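Engineer: Below: sequence and its predicted model.
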Amino acid sequence: MSCDDPHAVTFVNTLDLGGEQRYIRVDGSGSGTERGAFVIVAGDILNGSIVKRGGGALIFESPKSYENGTLINQGMLWLRGTGTAGANVSGNDIQVGSDGYLRIESPTNIGSRQMIIMQNTDVNTPAVISFGAGYGTGADIRFSSLTATGGILGTGGGGNPYLGKREARQLLDQGKTIELISASDVPDDALVATVGSIGAPVVSNERLKQGDEFLVSLRALETHLGRTITHVTCAEIGGSNSMSPCLLYTYPNPRDRTRVRMPSSA
């Protein structure tokens, strides 16, 4: 659906996305952010994911129940009132593209299990997010950059860091913690193992992992050495491999550790 400058339209009916990713374009004639077109979706949106296009504003004033994510390619998505960008479930994240703008009025507009991912192309085309009056002075706003450098050119590859981050988020949702420590704090008698995947990243899309491959490999190495591995480190700061050590204990195991110790300088 689309709306051209300078009109304002309100949709009151439920939008069923049919299990697909659907495009909502506000302002059919350009992509400049904050053009004069406004679309308010008062009804629910369910069963799929959405991509916001066009330079106008898409406004959610009531909760939505779709679960497969939001991508703001162009223009503004404005969450106000009780509006949410879908259900509060892991994986239903909001990605703000280099031409996108996310406006959030209060913390209640974002679920505790949702991530906001800002995808900046360069300093000239930044993704934008703004916080409304519900955030007060903004002193309690925190940004996580754990995977911000997960795709540095020349680090060896490793695929998309987003998938590794999703798996790490699942671990945290299970109540487990990730402990980063300085390399200078690693004892001299520690046994540190490097964890990561080798090969073309596209294979992981074609042949899905069971999820416990890293742990099985670690246990086999411990058996071979006759020693317990005390710390793990990532193979590279590249793509999903930058998050690999965080995923070791997502699956139940005989020792079921709840903390992953990873030297932060690795």
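Structural biologist: Perfect, I can see it now.

Engineer: make it CA atoms for all contacts and neighbour counts henceforth
Structural biologist: OK.

Engineer: Give the helix, strand or coil label for V89.
Structural biologist: Counting by DSSP: H, G, I helix; E, B strand; the rest coil, the backbone at V89 sits in coil.

Engineer: Ignoring the adjacent residues along the chain, who's closest to it?
Structural biologist: In space, and not counting its chain neighbours, V89 is closest to R113: 5.5 Å by CA to CA, 6 or more residues apart in numbering.

Engineer: Thought G86 was touching the one you found, still the case?
Structural biologist: No: the pair R113 / G86 is not scored as a contact, 11.2 Å apart, by CA atoms under 8 Å.

Engineer: Give me the more crowded residue out of those two.
Structural biologist: Applying other CA atoms under 10 Å to R113 and G86 shows that G86 carries more neighbours, namely 30 against 15.

Engineer: who touches that one in this structure?
Structural biologist: By CA atoms under 8 Å, 6 or more residues apart in numbering, the contact set of G86 is I45, L46, P63, K64, S65, Y66, E67, G69, N92.

Engineer: again, only this time at 10 Å
Structural biologist: G86 makes contact with 44-50, 60, 62-70, 92-94, 109-111, 114, according to CA atoms under 10 Å, 6 or more residues apart in numbering.

Engineer: Check I116 too.
Structural biologist: Per CA under 10 Å, 6+ apart, neighbours of I116: T70, N92, D93, I94, Q95, V96, L102, I110, I129, F143, S144.

Engineer: Likewise for Q114?
Structural biologist: By CA under 10 Å, 6+ apart, the contact list for Q114 reads G69, A85, G86, A87, N88, V89, S90, G91, N92, D93, I94, R169.

Engineer: How confident is the prediction for T250, by pLDDT?
Structural biologist: T250 is assigned 53 on the pLDDT scale.

Engineer: For the contacts of I116, could you give me CSV that also reports neighbour count?
Structural biologist: Shown next, in CSV, are the contacts of I116 (neighbours: other CA atoms under 10 Å):
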residue, neighbour count
T70, 23
N92, 21
D93, 25
I94, 22
Q95, 21
V96, 27
L102, 23
I110, 22
I129, 16
F143, 7
S144, 9
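
Engineer: any low-confidence regions in the chain?
Structural biologist: Applying pLDDT under 70 to the chain flags residues 1-7, 28-36, 120-125, 143-166, 201-211, 237-239, 249-266.

Engineer: Tell me which residue of it is furthest from the middle?
Structural biologist: Centroid-distance maximum for the chain: G226 at 38.3 Å, with CA atoms, centre = their mean.

Engineer: Any figure for the gap between it and L191?
Structural biologist: From G226 across to L191, the span is 11 Å (CA to CA, to the nearest Å).

Engineer: again with M76
Structural biologist: Distance of M76 to L191, computed by CA to CA: 50 Å.

Engineer: out of the two, which sits in the busier spot?
Structural biologist: Using other CA under 10 Å, the more surrounded residue of M76 and L191 is M76, with 28 against 14.
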